[in-house]
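Chemist: Build the 3D model from these lines:
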Amino acid sequence: MSFLNSWIMLTMVGMVNQLPAILHLLCRRFKLWWSNEMQITISQEDRDWYRNSKVFSAVETYLSTRSTDDARRMKAYTDHNSHHLKLTMDDAQHIVDVFTPKVDDDGKKKDKTIKVRWTFYCRDGTGTTQRGNEETKFYTLKFSARHRSVVLNQYLVYIMERSQEIEQKNRQRNLYSNTMSSHMHWTKVVFRHPATFATLAMDPKKKQEIMNDLETFSKSRDYYAKLGKTWKRGYLLYGPPGSGKSTLIACMANLLDYDVFDLELTGIEDNTELRRLIVNTTSKSIIVIEDIDCSIHLSGTREIKGVNHNNEENVNEEMGQNKTVDNGQSKLTLSGLLNFVDGLWAACGGERLIVFTTNHVGKLDPALVRRGRMDVHIELGYCGFEAFKVLAKNYLEVEEHPLFDKVKELLEKVKITPADVAEQLMPKKLLADDKASRCLEGLVQTLQNAIKDGGKKGERDAM
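Modeler: Numbering: from 1, shown residues only. Here you go, the predicted structure:
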């Protein structure tokens, strides 16, 4: 019996060895196709290093709706100023997702589902940088090799589309600020500023002009493309402290439903980091640099050489560096900032407003704020009578009062900011019947005292 078994085994081995090479290869490939597992790694940072991965963000958004069902360990958090609880997978946790392809590899309808396995990892960096320890976050997607085509051509496309739907449904206006982490360029909080153009203390005609300009810009995508220009617009807001520059930015964001990116120049190491931050902004956003005259040294940086044939601007890089460069903390230059405003890097994205604010427009380098870079210059000065009437309506709910004529007369003689006027109009007792009269009497007294002191209350406060 043992001899017979041995003979049968030898015969079978000989037959297998005699199979045509092509048949053996087909069998091997079929085995790999049927049983092998493939893996795709999706890192938080794109391979170009500048930009956070859109695929990673899409996967994170998509899995946030799935992890509560399958993951055993999760992280719970809420965004700043938001009470909505969010759950995500913890490190080394996995979930299984089921997907029904629309068609199979041959283009035929297919109702059979496939299963894929997602795992999230968070690893400490191998070393430290000037910004401290860095983390590496990534997802792995594992699936059967026989589903390769479906996963690549249908499942991942479905995730990108589904994540956009989720983000649109949960859309909130955000305020971003640049961070000290190379893996997390911006941090965000929910932006819920109540300011609108209806409540903005400004001359109605000037206010309407700004609103018309903003709305025209937001609808001008095809026009900018026809001109061959980047779809962006620059605004320079200048005026004394308390004149409403920051409030106007909030009104702009609320009118257009744009996110706001608050760019703090003193926290940027060099031009490379500035480019990385700009690349990671989104469309439909306002990029703001407040008090630019205080954030970076921009005065005395041009070499005056008259008009040349090439219309070139000469930049003194050494003088145009961030103030902190002397102690080795920053190498941000004026030319780098100019490139962000209207150079090649300004074309990274579309439908964006760039807003600079300053208290002292005369201190800024002319090249930074010239027409073409800052398309619209808006002076926010001292409070006039029209702006006062808006404040009176907002704070006191009155549109007419016997003291209005006196206030108008005094405002023509006194330089006072809208913020100072608003402070006087804030009722001490909200339910008092005579709150309007009391507040207006207090404002009249303040204006009269300012005249006695020289009529420049707002100017003294701005110094």
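
Chemist: contacts, neighbours, all on C-alpha from now
Modeler: Will do.

Chemist: Mind telling me what element residue 189 is part of?
Modeler: Assigned by DSSP states H and E, residue 189 belongs to strand 186-190.

Chemist: That strand: which residues count as buried?
Modeler: 186, 188 (16 or more other Cα atoms under 10 Å).

Chemist: Could you list every helix and strand in contact with it?
Modeler: Packed against strand 186-190 by the contact rule (3 or more Cα pairs under 8 Å, 6 or more residues apart in numbering; DSSP states H and E) you find strand 174-178.

Chemist: Give the pairing partners of the strand it packs on; include direction for each.
Modeler: strand 186-190 (antiparallel), strand 259-262 (parallel) (DSSP bridges).

Chemist: any idea of the mean pLDDT for that strand?
Modeler: For strand 174-178, mean pLDDT is 92.

Chemist: what about dumping the CA coordinates of it to CSV?
Modeler: Only the C-alpha atoms of strand 174-178 are listed here, as CSV (Å, rounded to 0.1, in the frame of the first residue of the first chain):
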residue,chain,number,x,y,z
ASN,A,174,-14.2,79.4,10.5
LEU,A,175,-11.5,81.7,11.8
TYR,A,176,-8.0,80.3,11.2
SER,A,177,-4.7,81.3,12.7
ASN,A,178,-1.2,80.1,11.8
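
Chemist: now that strand, how far from the chain's geometric center?
Modeler: Here strand 174-178 is found 6 Å from its chain centre; the criterion is Cα atoms, centre = their mean, to the nearest Å.

Chemist: what do you get for stretch 425-437?
Modeler: Distance, centroid of stretch 425-437 to centroid of chain: 40 Å (Cα atoms, centre = their mean).

Chemist: can you check stretch 283-296 too?
Modeler: On the basis of Cα atoms, centre = their mean, stretch 283-296 sits 12 Å off its chain's mean C-alpha point.

Chemist: How about stretch 155-164?
Modeler: 22 Å.

Chemist: Flag every buried residue along the helix or strand containing residue 406.
Modeler: Element membership of residue 406, judged by DSSP H and E, is helix 404-411. Neighbour counts over helix 404-411 (16+ other Cα under 10 Å) mark 404, 407, 408, 410, 411 as buried.

Chemist: Convert the C-alpha atoms of the helix or strand just after that helix to CSV, please.
Modeler: Once helix 404-411 ends, the next helix or strand along the chain (criterion: DSSP H and E) is helix 418-425. Taking C-alpha atoms only, helix 418-425 is exported to CSV below (Å, rounded to 0.1, in the frame of the first residue of the first chain):
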residue,chain,number,x,y,z
PRO,A,418,-16.8,105.2,16.5
ALA,A,419,-15.5,103.0,19.3
ASP,A,420,-15.4,106.0,21.7
VAL,A,421,-18.9,107.0,20.6
ALA,A,422,-20.2,103.5,21.0
GLU,A,423,-18.8,103.4,24.6
GLN,A,424,-20.8,106.4,25.5
LEU,A,425,-24.0,105.0,24.0
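
Chemist: Averaged pLDDT, the very next helix or strand once past helix 418-425. What do you get?
Modeler: Using DSSP H and E, the helix or strand that follows helix 418-425 in sequence is helix 435-452. What helix 435-452 shows for mean pLDDT is 92.

Chemist: care to break this protein down by domain?
Modeler: 31-171, 188-379, 385-462 (automatic domain parsing).

Chemist: of these, which approaches residue 178 most closely?
Modeler: Nearest of the domains of the chain to residue 178, taken as Cα to Cα: domain 188-379 at 6.1 Å.

Chemist: Figure out the length between the terminal residues of that closest one.
Modeler: One end of domain 188-379 sits 29 Å from the other (Cα to Cα, to the nearest Å).

Chemist: Pull the distance from it to the chain's centre.
Modeler: 14 Å.

Chemist: mind checking how far the closest residue to residue 291 other than its chain neighbours is from residue 263?
Modeler: Ranked by Cα to Cα, 6 or more residues apart in numbering and with sequence neighbours excluded, the top spatial neighbour of residue 291 is residue 358, at 4.5 Å. Distance of residue 358 to residue 263, given as Cα to Cα: 14 Å.

Chemist: ends of stretch 214-225, how far apart?
Modeler: End-to-end distance of stretch 214-225 (Cα to Cα): 17 Å.

Chemist: just stretch 340-353 next, same as before
Modeler: Termini of stretch 340-353 sit 12 Å apart (Cα to Cα).

Chemist: SS state for residue 274?
Modeler: Of the three states, residue 274 takes helix under DSSP: H, G, I helix; E, B strand; the rest coil.

Chemist: what's the closest non-adjacent residue to it?
Modeler: According to Cα to Cα, 6+ apart, the nearest residue to residue 274 is residue 268 (6.5 Å).

Chemist: before we move on, what about residue 406?
Modeler: Using Cα to Cα, 6+ apart, the nearest residue to residue 406 is residue 444, at 7.4 Å.

Chemist: isn't that neighbour right up against residue 409?
Modeler: No: the criterion here is Cα atoms under 8 Å, and residue 444 misses it with residue 409 at 10.0 Å.

Chemist: ok, residue 437 - how many residues close by?
Modeler: 15 (other Cα atoms under 10 Å).

Chemist: ranking the strands paired with strand 174-178 by mean pLDDT, which is last?
Modeler: Taking the mean pLDDT of these, strand 186-190 comes last: a mean of 88.

Chemist: Toward the C-terminus, what is the element adjacent to that one?
Modeler: Taking DSSP H and E, what comes next after strand 186-190 is helix 204-218.

Chemist: next structured bit after that following helix?
Modeler: helix 221-227.

Chemist: Residue 357 and residue 245 touch, don't they?
Modeler: Yes: using Cα under 8 Å, residue 357 is in contact with residue 245, at 6.8 Å.

Chemist: Next, show the common contact partners of these two.
Modeler: 237, 238 (Cα atoms under 8 Å, 6 or more residues apart in numbering).

Chemist: neighbour-wise, which of those two wins?
Modeler: Comparing residue 357 with residue 245 by other Cα under 10 Å, the one with more neighbours is residue 245, at 25 against 21.

Chemist: Just the element for the nearest residue to the more buried one once chain neighbours are set aside, please.
Modeler: Distance criterion Cα to Cα, 6+ apart; nearest residue to residue 245, sequence neighbours excluded, is residue 237 at 6.2 Å. Using DSSP H and E, residue 237 sits in strand 232-238.

Chemist: Partner strands of that strand, with direction?
Modeler: Checking strand 232-238 against DSSP bridges gives partners strand 352-358 (parallel), strand 376-379 (parallel).
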